[in-house]
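> Give the three-dimensional model of this entry:
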Amino acid sequence: MADIFLSYSSADKSNVKVIADLLESKGWTTWWDRQIPIGQHFDTVIEKELHNSGCIVVIWTGKSVASEWVKNEAAEAA
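Here you go, the predicted structure:
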């Protein structure tokens, strides 16, 4: 279980890596979809991690507001 689930658009991946690295340098554990095991259904893994994380941080950008995945994850977190 991660402390923080990061919800974001894949178009923002490089920025999210910077955020994840910063959070991890402060002692927080993060989860984002780069950690989906090969051969696993990504939607099942994401839903499990979303529910098991301590909190959800939505990286809200012009790209992420157009993503149905990000919108659904944000709604689930609310």
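> starting at the chain centroid, how far to stretch 54-62?
Stretch 54-62 has its C-alpha centroid displaced from the chain centroid by 7 Å (CA atoms, centre = their mean, to the nearest Å).
> Please identify the buried residues of it?
Within stretch 54-62, the residues that count as buried by 16 or more other CB atoms under 10 Å are 56-59, 61. In short, each C-beta sits where N, CA and C put it, glycine included.
> List the contacts of it.
Outside stretch 54-62, the residues that touch it by CB atoms under 8 Å, 6 or more residues apart in numbering are 1-9, 12, 15-16, 19, 50, 64, 70, 73-74, 76-77.
> Helices of this protein, residue ranges please.
13-25, 42-52, 68-77 (DSSP state H).
> Which member of the buried residues of stretch 54-62 is positioned nearest residue 34?
residue 59 (13.5 Å; CB to CB).
> separation between the closest one and residue 41?
Residue 59 is 23 Å from residue 41, where distance means CB to CB, to the nearest Å.
> same thing with residue 29?
Applying CB to CB to residue 29 and residue 41 gives a distance of 23 Å.
> Same question for residue 50.
Relative to residue 41, and taking CB to CB, residue 50 is found at 14 Å.
> quick one: which of the two has more around it?
residue 50 (16 against 9; other CB atoms under 10 Å).
> re the thing from before, closest to residue 34 out of the helices of the chain?
Here helix 13-25 is closest among these (CB to CB), at 7.9 Å.
> Show me which positions of the closest one end up buried.
16, 19-20, 23.
> Convert the C-alpha atoms of stretch 43-51 to PDB, please.
What follows is stretch 43-51, C-alpha atoms only, in PDB (Å, rounded to 0.1, in the frame of the first residue of the first chain):
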ATOM      1  CA  ASP A  43      -7.700  -1.400 -14.800                       C
ATOM      2  CA  THR A  44      -7.900  -4.000 -12.000                       C
ATOM      3  CA  VAL A  45      -4.500  -3.000 -10.600                       C
ATOM      4  CA  ILE A  46      -5.300   0.700 -10.700                       C
ATOM      5  CA  GLU A  47      -8.600   0.200  -8.900                       C
ATOM      6  CA  LYS A  48      -7.000  -1.800  -6.200                       C
ATOM      7  CA  GLU A  49      -4.200   0.700  -5.700                       C
ATOM      8  CA  LEU A  50      -6.600   3.600  -5.700                       C
ATOM      9  CA  HIS A  51      -8.600   2.000  -2.900                       C
END
